[in-house]
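In: Kindly return the folded structure for what I paste below:
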Amino acid sequence: MRSLVPRPILLIVTLLLVAGAIAFVELRLDATSPVAADAGQNPDPPAVKEQTKVEASTAEEKVDPPAGERSDSEPRASGSAAERDREGAEGEEPEQAISDEERISDKEREYRRAEEIVDPSGFVNADDFSVREATGEKVVLLEFWTYTCFNCQNVQPHLNAWHDEYAGEGLQVVGVHTPEFGFEREYANVEAAVGEAGIEYPVVLDNAYATWNAYDNRFWPAIYLIDADGFVRYKHFGEGAYGETEQKIQELLAEKERISS
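Out: Coordinates of the predicted model:
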């Protein structure tokens, strides 16, 4: 039977179909290859870089130039509400947290009121001294000592140094000389010992142990710190703790300034 289509034409059509099929397969493979996929991605997007630059620029703008370089006409960026409140409160005195009566009442519950000097046998470097009269104006360091006490002699240079350092700020050092031996009761002996030790603050002769007993004291040397409200805030017996004692002196002097301001 004779074919309706010449054989050469069939051959050409067949070749064209095969070639088209091969080309189609190659295109599909190229579209799904890793190289083509990587070529369509941006490993460093411009948008990300630009965002980083904006953040860095913002951080730089937050740093204020030195005060000497800012023009008076240059507007200053407003800060947070808390910062504006602080700026608005500059120059204003803070309100006292509690009243004087409340402060004294709180101390009454926690501390012991200082006792007055009782029945003194005499004074060296002063005509008189009163703890009550010092209240409100002074922080008082009261030291019980006797001049033959070796431990008292070791503490003495620190007392002299504190007197020199803090007397101008309101510290009043007072020595209460309570004798251990009979000859330490003699005024002339105590006066000579005070001079030899370089003591310039008042010394009370407590020959009858009256002030010693008022404070229930039992030791030489013994330090009592009395605040500006007249309360015993710190005690130390014997040598040592010089840094701790001085820190407490500074604390009570700072409190005195707050109370009087």
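
In: what about the stretch 51-200 of the chain, any weak spots by pLDDT?
Out: 51-97 (pLDDT under 70).

In: need the helices for it, in chain order.
Out: 81-89, 100-110, 131-134, 150-166, 187-196 (DSSP state H, counting those that start in this stretch).

In: Give me the buried positions along the fourth one.
Out: By neighbour count, and taking 16 or more other Cβ atoms under 10 Å as the criterion, the buried residues in helix 150-166 are 152-153, 155-156, 159-160, 162-163, 166. No exception for glycine: its C-beta is placed from N, CA and C like everyone else's.

In: what's the answer for stretch 109-125, then?
Out: Quick answer for stretch 109-125 (16+ other Cβ under 10 Å): 111, 114-115, 117-118, 120, 123-125.

In: Can you lay out the buried residues of helix 150-166 as JSON lines showing distance to V139?
Out: Compiled in JSON lines, the buried residues of helix 150-166 are given as follows (distance: Cβ to Cβ, whole Å):
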{"residue": "C152", "distance to V139": "21"}
{"residue": "Q153", "distance to V139": "24"}
{"residue": "V155", "distance to V139": "18"}
{"residue": "Q156", "distance to V139": "20"}
{"residue": "L159", "distance to V139": "14"}
{"residue": "N160", "distance to V139": "17"}
{"residue": "W162", "distance to V139": "11"}
{"residue": "H163", "distance to V139": "12"}
{"residue": "Y166", "distance to V139": "8"}
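
In: Quick check: the two most widely separated of those?
Out: Q153 and Y166 (21.5 Å; Cβ to Cβ).

In: This structure: strands as residue ranges?
Out: Secondary structure of the chain, counting by DSSP state E: strands at 112-113, 122-124, 139-145, 171-177, 203-205, 222-226, 231-237.

In: Name every strand pairing with the fifth one and say which way it goes.
Out: Strand 203-205 has these partner strands in its sheet, going by DSSP bridges: strand 122-124 (antiparallel), strand 171-177 (parallel).

In: quick check: mean pLDDT across it?
Out: For strand 203-205, the mean pLDDT works out to 98.
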